Each structure stands twice: as structure tokens, then as C-alpha cells.
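In: need a 3D model of the following:
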Amino acid sequence: MWVQAEIKSHSDEVELIIDCAYGQGAIGAIVEVPFSAGSLDLGEYTESHSELYLVIATFEAPFVRRDRALFRRRLNHLLLKKTLSRIRYHSVGIRDFSNEWRNFFSVQRFGRLMLRPSWMSEKTSPDEVEMILDPGFAFGSGLHPTTQLCLELLEQNITSQTVAVNVVDVGAGSGILSIGAALLGAFRVRAYDIDLDSIAIAQANAHLNHVFDLIDYEVFDFSQKIANEFSDLRDWADLIVANISEAALISMMHNFNSSIKVGGQLIMSGFEPAAVNNIVALGTKAGFELNVHITKNDWSALIMIRKF
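Out: Numbers count the residues shown, from 1 in each chain. Reported below is the predicted structural model:
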């Protein structure tokens, strides 16, 4: 038997709730994403902001009153004391939780790049590049606006290059950005994550897309000072993409500068528009200049150019 906790939340709280659930011992978590149909025949959907997301976390039974009270206290702390809706609990029998999340994915397109889940099929046009993804429990499904913004900027900037580029992906997750970069024509890709499971999922997805030999995956905290074994990263990248939190981006800014060539592009997302001025100011101090700022569904993405 298991116990499921159902929590309604806004989009910017979903990852915090999932992290908290796993920290409390959850064995799985799925998210029901509110969509409105744009054109069912074409499989186009837009994210609805009139409805809340539903996070369903699964715990091994018994998940008693004391466990539930601790879970709520941790959530209240993580959500910065925002009003948390009632958590609904119910017991469930044997089910295949590991595959339930598949019900919430669809085929998506970002310029020439067509992203489809591994369990779906879709025809591609002659000029499209197909990426097959099995996100598992790693971040980077293509559903979140920050991932979509990064994919759009990668597609525009790698495609426009007249020479092949070296790309660094910081916070690899499912591998969606590193694989996208490789498929779009990057010469070489290096991808880093602090989570070993995410690296394993990313490597499996790279094999699935036949680009494993183009991507080097490493477990590494990019906020740490680049050690001797990573000294070959210095001035190596033509482009860095980092879809991570504001705090993480700030902690890594000087390492971004060390790793990217002068004139190289730094694509950043994972933050709301209110954080842009702070990130730009710190990026400018670290030797970058703002080039592009775009938004989608209350999330922002930036391109900054290394000037010195």
C-alpha cells in the first residue's frame, strides 16, 4: 500500500513541492499540468493560467499524522510562507506510478527542432530535426516555459552560426538541452549536473538520439571553483546554456566567464522577470553584456555576450 498526497499549486511552486516530497521520502511524483487545447488536430496546446497545477506525491504507507505535519511545515518553509492549499491524502493499492507521468506529454516544436516523447510517433518534415526524449524523473521535459525558451534560443543561435560551436549545458537534467544542441549542429557538447541519476537519464536519451559520442556528461557542481581537472574548460565554450535557479546562476557567473570565449553567448533561464535586473547587473560585473531578453508565461530568458 501507498499514501498519495495531492497538492494544488502555481507553476512556480511545482518544483519546490516535488523536491520537498522527495526529501520527505516520496517514491514518486507526477504533475497534472493544466492545458487548454489550441488545435486538437495539430496537437497544439497552451498552458492555462486560470487553473492550478496538481502535484501528486506518493509515499510508502504508513504516512502517519506526524509525517504529514512535518511535510506541511517543510512545504510552508519552502514556499516562503505563502498560503498553502489543503493537502488531500488517500491510500492506494498497487499501481504503476513510474509510468503515470507519461499521460501529460505531447509532441512539441521549436523552430526546426521537433521534440517527441519516446513512446509517441510523429511525422517530421524534411527540414525538421527530431529529438526523442524519455525524461524519467529528471528535470527537462519540454513542458516548462524555461525549457521551451532555452530550446528556442538554442535553435535560433546554433542554426545561425556559420561554423560549428562548442556548447556547455549546466544543469543537464534529462539531457534535453545538450541533446538539442548536438542535433542542431554543435561540434562538441559538455553537460554537467550535480545529480548522478539525472546524468544516467541524460546519457540514455543521448544514446536514443544517436548523439552520445558528441556529448560528454559529468557529475560536477559548476558553482565550485573550476579545479585542475576542469582547466581545459577555460575559454572552451562558444555557447553556454543554463536553465537553473536565480541563486545558482549568480553563484556560477564567474565560472561562466572563465569557461566561455570572448564574444561567446550565455543563455540563461529559470527565473521570473523580477529577477532580470539583478542577474543582468551581476552578469555585467562579471564581464557580460545583455543581448536578448525574452519572456514566456511569466518566465524570462536572457542571452548575454562575454565582453572581457
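
In: point out the other helices and strands that the helix or strand Ser178 falls within packs with.
Out: Counting by DSSP states H and E, the secondary-structure element that holds Ser178 is helix 176-183. Counting contacts by 3 or more C-beta pairs under 8 Å, 6 or more residues apart in numbering; DSSP states H and E, helix 176-183 is packed against strand 113-117, strand 129-133, helix 145-159, strand 166-170, strand 188-193, helix 196-208, strand 215-219, strand 237-243. Bear in mind the C-beta positions are built from the backbone N, C-alpha and C, glycine included.

In: for Gly263, give its distance to Ile305.
Out: Distance check for Gly263 against Ile305: by C-beta to C-beta, to the nearest Å, it reads 7 Å.

In: between the two, which has more neighbouring residues?
Out: Ile305 (17 against 9; other C-beta atoms under 10 Å).

In: partners of the strand or helix carrying that one in the sheet?
Out: Mapping Ile305 onto the secondary structure by DSSP H and E places it in strand 299-306. Strand pairing for strand 299-306, using DSSP bridges, gives strand 260-271 (antiparallel), strand 288-296 (antiparallel).

In: which residues make contact with the longest one from outside it?
Out: With contact meaning C-beta atoms under 8 Å, 6 or more residues apart in numbering, strand 260-271 is reached by 146-147, 149-150, 153-154, 157, 168, 171, 235-246, 248-249, 256, 279, 283, 288, 291, 299-308.

In: next: the shortest one.
Out: By C-beta under 8 Å, 6+ apart, the list of residues contacting strand 288-296 from outside reads 145, 148-149, 152-153, 253, 256-257, 265-266, 273, 276, 280, 283-284, 300-307.

In: now do the contacts for Ser245.
Out: Listed by C-beta under 8 Å, 6+ apart, the contact set of Ser245 reads Gly270, Phe271.

In: which pLDDT does the model give it?
Out: If you check Ser245, the pLDDT there is 88.

In: leaving out the residues flanking it, which one is nearest to Lys8?
Out: With sequence-adjacent residues excluded and distances taken as C-beta to C-beta, 6 or more residues apart in numbering, Lys8 is closest to Leu52, at 4.2 Å.

In: what's the burial count for that neighbour?
Out: Using other C-beta under 10 Å, Leu52 has 17 other residues around it.

In: how near is the residue nearest to Val241 when sequence neighbours are not counted to Asn157?
Out: Once its chain neighbours are removed from consideration, Val241 has its nearest residue in Ile267; the separation is 4.4 Å (C-beta to C-beta, 6+ apart). Taking C-beta to C-beta as the measure, Ile267 and Asn157 are separated by 7 Å.

In: most distant residue from the middle of this structure?
Out: Note on the chain: the largest separation between a C-alpha and the mean C-alpha position, by C-alpha atoms, centre = their mean, falls on Arg65 (33.4 Å).

In: show the backbone phi and psi for that residue.
Out: The phi and psi torsions at Arg65 (degrees, to the nearest 10) take the values phi -60, psi -40.

In: any idea of the pLDDT on it?
Out: Here the pLDDT value assigned to Arg65 is 91.

In: contact partners for it?
Out: With the criterion set at C-beta under 8 Å, 6+ apart, Arg65 makes contact with nothing.

In: can you report how many residues lie near the residue nearest to Val241?
Out: Count around Ile267 with other C-beta under 10 Å applied: 24.

In: now it: how far from Leu75?
Out: Separation of Ile267 from Leu75 (C-beta to C-beta) stands at 31 Å.

In: do Gly25 as well
Out: Applying C-beta to C-beta, the value for Gly25 to Leu75 is 14 Å.

In: how about Glu289?
Out: Glu289 sits at a distance of 40 Å from Leu75 (criterion: C-beta to C-beta).

In: what's the end-to-end length of stretch 168-187?
Out: Here the two ends of stretch 168-187 are set 11 Å apart, with distance taken as C-alpha to C-alpha, to the nearest Å.

In: quick check: buried residues in it?
Out: Applying a neighbour-count criterion of 16 or more other C-beta atoms under 10 Å, one finds 168-184, 186 buried in stretch 168-187.

In: weed out the non-buried ones from the contacts of strand 288-296.
Out: Among the contacts of strand 288-296, those buried by neighbour count (16+ other C-beta under 10 Å) are 145, 148-149, 152-153, 253, 256-257, 265-266, 276, 280, 283, 300-306.
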